[in-house]
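Peer 1: give me coordinates for this.
(one chain, ligands or ions: 5)
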Amino acid sequence: MSACFWVFTTLYLYTSNASPITGISSSKTIESLATNQQLYDGETLVSPDQRFELGFFCPSNPCKDVKFLGIWYKNIAPTTVVWVANRKRPIRRTSSGVHLMLDDYGVFVIQDGSKRVIWRSPPKNYSPSVGRKPVLQLLQSGNLVVRDCDINLSCGGYIWESFNHPSDTLLPGMELSLDYGSRLRYRAITSWRKKDDPSDGDFKFGFDRSVQAPQLVLTKENGVRLSRWGPWDGQKFSGMNSLMDNPILSPTLRFDNDQVSLKFEALNRSILLRLVLSPLGSLQFLWWKSKNEGWITILTLNKDNCDRIGSCGPYGICYSDDPSCRCLEEGFMAISSVDWCGFECSSGCKRKNDLNCTAGDGFLKYEQMKLPDNSSVWGALSINECENKCAKECSCMAYTSLNMYGNGSIICVVWLNDLIDLRTVHGGGNDIYIRMSHIELDSIIHKTKRKKVIWVASIVLLSTIITCALLLIIIVRYFTMLKRSKTRALEQEQSPLTEFGGSQEEDSDCRVFELDEIATATNNFCTSNEIGSGGFGRVYKGELPRGEEVAVKRLAESSWQGIREFKNEVTLIAKLQHRNLVKLLGYCIEGNERILVYEYLSNHSLDHIIFDQFKKRLLMWDNRFKIIKGVAKGLLYLHDDSRLRVIHRDLKASNILLDSEMNPKISDFGLARILASEKGETTNRVIGTHGYMSPEYIMNGHFSTKSDVYSFGVLALEIISGKKNWGFQHPDHNLNLLGHAWKLWTEGRSSELMEPVLGDSIIQEDEIVKCIHIGLLCVQKQPEDRLTMSEVVNILQGEHCINVRQPDEPGFFAGRSMMGLGFSTTAERNLESVNEVTMTTISGR
Ligand SMILES: *[C@@H]1O[C@H](CO)[C@@H](O)[C@H](O)[C@H]1NC(C)=O
Ligand SMILES: *[C@@H]1O[C@H](CO)[C@@H](O)[C@H](O)[C@H]1NC(C)=O
Ligand SMILES: *[C@@H]1O[C@H](CO)[C@@H](O)[C@H](O)[C@H]1NC(C)=O
Ligand SMILES: *[C@@H]1O[C@H](CO)[C@@H](O)[C@H](O)[C@H]1NC(C)=O
Ligand SMILES: *[C@@H]1O[C@H](CO)[C@@H](O)[C@H](O)[C@H]1NC(C)=O
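Peer 2: Ligands and ions are numbered 1, 2, ... in the order given. The predicted structure is shown next:
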């Protein structure tokens, strides 16, 4: 983790300059390198059209202690390196007189002034004939080649070419390939370790050596498979339509029995295009648009969570339009007992009726699917032969047939294990036939028959029903109005809790509202009732017929994100009941409307008070201490005490609401996740709010209870100081609030962090110091060093000063000016849009 943090800070530092790579001002350029020549540091070899350049470069700026030999685009700033020769053997700064030299046998060598070899290209099976010599040339394509030439530089074939030894970049014309005979001879791209370190990184992209049909796979450290696309169906890799229908590039796949290879060309050869695997594992096609716009991302191959292998478990289907896992439509159900199989749910699905191979199973056709992982090839068989063979083999779970070679031969492809990594691909998926028990198939047939009957019946009855319905509505309206006026009178004496809380069953603690009812309560969503708005929609104050005040959160129409957040929030909050969590009274789904109804909290959100010049006086130390304790208890309930382990992920001052007695309640569960394990989980969609996100979450998308603890620490320090962490400025230094607090702590002046207006009242300085101590223990760099929420609550409730360890340096302590840079440079964004931080700026109610 400390290494990760180091990377992170260095990334920031380097992106502050336009280029992480030291620009090379070449003193001399040459067009080819013959055996008696040397290419010294500072000189470059250029391609005939001046597009590419080979030379020594420094991966960091300012240049640190290592250099490499590589190829980059000649006329592009920042320097964009596309190939590195000596990835594993960097040139140390201490070496002098470093140069590149080609020997008589076509091997080229990097050596220093005293002829010590630093790196050499692999030996070739070549010795020149009379009158010919090897020559090193950089071709227009960016391919560095050793050729066999005569004295007039009329050259023959390639003895060696860099295109056969890719780095992290695939240029047009360069191939990924796999030899199915040996399985070892394969060409893949490997990411750099870090932005400023070209040595081999963790990520690798190429053909999948573990399956028989051509399939692309992205792996991370130790070869763990991360994403995959395939098998090849003759036209596309199943599930990777975007690559094939692209207006800018055209891929070509060559496949025969022994070998498969994939390359791409730019449709307009004069543009610059490359596929790069970034140090953080995103796979992107980039296009050099112009000097001002820089590298534009045309296509990200692993763009969403559904691109991760098995994100929905066996027989689960991943949906990216409304991202969540669902089970295959017929015959399957979620393994986990909870019905809300959310996005991170990976336990998958199981059959409703078990298979019975001896009694004979059947197959059900699913259309427009991304085919599952781990396929096996059973050779050229007709579709019927394929089905029969699969039916006989009890472990055969599914089959399909593909015109894999593109020559009309129908190949039978089967799956012999549980089906993993399915998703629906509208308008470009493949058909797959999945094994089902006869009981299931019969019931499906029965169901469809019944559906038909129902259809006919309903059409016949429709006219009658309409008439009846109209009549009914009138009658019901009349009676409900009558009933409402009666109950209103009754309720005035009773506690308002009876309808939603306590005595009622848990299942019914969430009520469904009608849109009419809500519209009336909020004066038709009148702007004067609006009490907040944000990325997901607007929040209104409303009044129910009985006079009960509610906060109505109306999610923005057409916001897919909003819908996801909506489901999340309803299912989550309905299950959570705690004094320090805002209570969900009910919800409404009608047409495009998605509305949540909460208890109304008269003092709005904490940020409206503590960061407000005048209102901050409303909260003196006693109240602030109570709020810190309340939030801690609410969070402890989420983490440990509720039936589920919930990570809030967006804890911040604007999500703490205050009731009339300034009791805090945590709100906004739109980003919350239920965790199965204590260790936490990793996501590609890093969403949160500036200043509150922990380093491991921003860096790796890793979230756990400890990332909430981090946010809690930030919040506690904000409550004590009355200052925002994000945007904090201090005349004396460039630290953020955490850095400032830590600086004061190490100097023994921590109580100076206190909000000055608190000095007007009686304060317990030891309580303040205790809270600062807790805050600092919560924002430490290493998640494992941070306190747990139960420790926090224990310390807060303890009478005595804490007898715990001293805090370490906080996660982020550099000020905003440095923090802001990382994600705002286009170069960074292009490379890492998978891990791009989408900041939400929802203001609370
Ligand atoms: C090189 O070029 C010269 C003049 O153009 C010619 O006389 C000579 O034969 C050529 N040598 C070879 C090996 O082709
Ligand atoms: C199609 O190509 C494959 C692999 O090259 C070969 O084995 C097969 O016989 C071919 N089929 C036809 C019908 O040509
Ligand atoms: C190819 O790209 C170049 C440079 O962007 C442009 O000038 C040219 O018109 C393009 N050619 C075609 C056929 O689109
Ligand atoms: C499978 O079906 C056969 C014949 O219908 C029956 O005898 C057997 O008990 C079934 N097996 C299971 C595990 O249900
Ligand atoms: C893939 O299939 C093989 C047998 O065909 C099996 O041994 C292996 O465990 C499977 N791998 C996964 C990840 O399911």
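Peer 1: surely His659 meets Ser605?
Peer 2: Just so we're on the same page, residue 659 is Asp rather than His. No. Using C-beta atoms under 8 Å, Asp659 is not in contact with Ser605, being 11.6 Å away. For glycine as for every other residue, the C-beta is placed from the backbone atoms N, C-alpha and C.
Peer 1: avg pLDDT for whatever helix or strand Trp192 lives in?
Peer 2: For Trp192, the element it lies in under DSSP states H and E is strand 189-194. For strand 189-194, mean pLDDT rounds to 94.
Peer 1: got it, and stretch 614-627?
Peer 2: 86.
Peer 1: list the buried residues in it.
Peer 2: 616, 619-621, 623-625, 627 (16 or more other C-beta atoms under 10 Å).
Peer 1: now stretch 175-186
Peer 2: 175-180, 186.
Peer 1: what's the answer for stretch 769-783, then?
Peer 2: 769-781, 783.
Peer 1: and those, which of them are in strands?
Peer 2: Among these, DSSP state E puts none in strands.
Peer 1: closest one of the residues you listed to His99?
Peer 2: Lys781 (42.8 Å; C-beta to C-beta).
Peer 1: just the pLDDT for the nearest residue to Leu576 once chain neighbours are set aside.
Peer 2: The shortest distance from Leu576 to any non-neighbouring residue, by C-beta to C-beta, 6 or more residues apart in numbering, is to Ser642 (5.6 Å). Among the per-residue scores, Ser642 holds a pLDDT of 71.
Peer 1: and Ser642, how many neighbours?
Peer 2: 17 (other C-beta atoms under 10 Å).
Peer 1: nearest spatial neighbour of Asp607, chain-adjacent residues omitted?
Peer 2: Take Asp607 and drop its neighbours on the chain: the residue closest to it by C-beta to C-beta, 6+ apart is Ala653, 3.8 Å away.
Peer 1: what do you get for Tyr366?
Peer 2: Ile432 is the one closest to Tyr366 (C-beta to C-beta, 6+ apart), at 5.3 Å.
Peer 1: got the buried residues of stretch 769-783 as CSV, with distance to ligand 4 and pLDDT columns?
Peer 2: Shown next, in CSV, are these (distance: C-beta to the nearest ligand atom, whole Å; pLDDT from 0 to 100):
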residue, distance to ligand 4, pLDDT
Val769, 67, 87
Lys770, 63, 87
Cys771, 62, 91
Ile772, 64, 92
His773, 62, 91
Ile774, 58, 92
Gly775, 59, 93
Leu776, 60, 93
Leu777, 56, 92
Cys778, 54, 93
Val779, 56, 93
Gln780, 55, 92
Lys781, 55, 89
Pro783, 47, 90
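Peer 1: return the member of these nearest to ligand 5.
Peer 2: Pro783 (29.5 Å; C-beta to the nearest ligand atom).
Peer 1: so the closest one touches Glu696, yeah?
Peer 2: Yes. Counting by C-beta under 8 Å, Glu696 is a contact partner of Pro783 at 5.8 Å.
Peer 1: how much space separates the closest residue to ligand 3 within the chain from Ser250?
Peer 2: Minimum separation of the chain from ligand 3 (C-beta to the nearest ligand atom) falls at Asn268, amounting to 3.6 Å. Distance, Asn268 to Ser250, using C-beta to C-beta, to the nearest Å: 11 Å.
Peer 1: of these two, which one has the most company?
Peer 2: Ser250 (14 against 9).
Peer 1: tell me the SS of the more buried one?
Peer 2: strand (DSSP: H, G, I helix; E, B strand; the rest coil).
Peer 1: report the beta-bridge partners for the residue lying closest to Trp83 once chain neighbours are set aside.
Peer 2: Ranked by C-beta to C-beta, 6+ apart and with sequence neighbours excluded, the top spatial neighbour of Trp83 is Ile71, at 4.2 Å. Beta-bridge pairing for Ile71 (DSSP bridges): Leu54, Trp83.
Peer 1: kindly report the same for Ala380.
Peer 2: Where Ala380 sits in a bridge, its partners, by DSSP bridges, are Ile411.
Peer 1: my guess is it meets Ile410, correct?
Peer 2: Yes. Ala380 is in contact with Ile410 according to C-beta under 8 Å; the separation is 6.4 Å.
Peer 1: so these two - more neighbours on which side?
Peer 2: Ranked by neighbour count (other C-beta under 10 Å), Ala380 and Ile410 place Ile410 first, with 17 against 14.
Peer 1: how about the contacts made by the more buried one?
Peer 2: Counting by C-beta atoms under 8 Å, 6 or more residues apart in numbering, Ile410 touches 380-383, 401-403.
Peer 1: and it, how far from Val425?
Peer 2: 21 Å.
Peer 1: tell me who's in contact with Leu651.
Peer 2: Neighbouring residues of Leu651 by C-beta under 8 Å, 6+ apart: 631, 635, 666, 692, 708, 711-712, 715.
Peer 1: Three-state assignment for the spatially most central residue of the chain, please.
Peer 2: Centroid check for the chain by C-alpha atoms, centre = their mean gives Asn684 as the closest residue, at 1.1 Å. Put simply, Asn684 is coil when judged by three-state DSSP.
Peer 1: could you report the pLDDT at it?
Peer 2: For Asn684, pLDDT reads 74.
Peer 1: so how far is Ile189 from it?
Peer 2: 20 Å.
Peer 1: quick one: the residue in the stretch 551-700 of the chain that ligand 2 sits nearest to from ligand 4, how far?
Peer 2: Going by C-beta to the nearest ligand atom, ligand 2 is nearest to Asn684 of the stretch 551-700 of the chain, at 37.1 Å. Distance, Asn684 to ligand 4, by C-beta to the nearest ligand atom, to the nearest Å: 41 Å.
Peer 1: so what's the nearest residue to Val82 once chain neighbours are set aside scoring on pLDDT?
Peer 2: If the residues on either side of it in the chain are set aside, Val82 comes closest to Thr169, at 4.3 Å by C-beta to C-beta, 6+ apart. For Thr169, the model assigns a pLDDT of 97.
Peer 1: partner residues bridging Thr169?
Peer 2: Residues in beta-bridge contact with Thr169 (DSSP bridges): Val276.
Peer 1: any idea how far ligand 1 is from it?
Peer 2: 37 Å.
Peer 1: which residue is the nearest non-sequential neighbour of Pro596?
Peer 2: Pro isn't right for residue 596; it's Leu. Lys553 (4.4 Å).
Peer 1: would you mind listing what in the stretch 651-800 of the chain touches ligand 1?
Peer 2: For the stretch 651-800 of the chain, no residue is in contact with ligand 1 (C-beta under 6 Å from any ligand atom).
Peer 1: domains for this structure, by residue range?
Peer 2: 3-164, 169-303, 306-436, 446-493, 495-600, 604-842 (automatic domain parsing).
Peer 1: between those, which one is closest to ligand 5.
Peer 2: For ligand 5, the closest of the domains of the chain is domain 306-436, at 3.8 Å, according to C-beta to the nearest ligand atom.
Peer 1: is the closest one positioned near ligand 5?
Peer 2: Yes. Judged by C-beta under 6 Å from any ligand atom, domain 306-436 and ligand 5 are in contact via 374, 376, 416-417.
Peer 1: got CSV for the residues you listed, with distance to Arg579 too?
Peer 2: Listed next are the residues of domain 306-436 next to ligand 5 as CSV, based on distance: C-beta to C-beta, whole Å:
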residue, distance to Arg579
Asn374, 49
Ser376, 56
Leu416, 53
Asn417, 48
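Peer 1: packing partners for the longest helix anywhere in the chain?
Peer 2: The residue-count maximum for a helix in the chain (DSSP state H) belongs to helix 438-491. Judged by 3 or more C-beta pairs under 8 Å, 6 or more residues apart in numbering; DSSP states H and E, the packing partners of helix 438-491 are strand 362-370.
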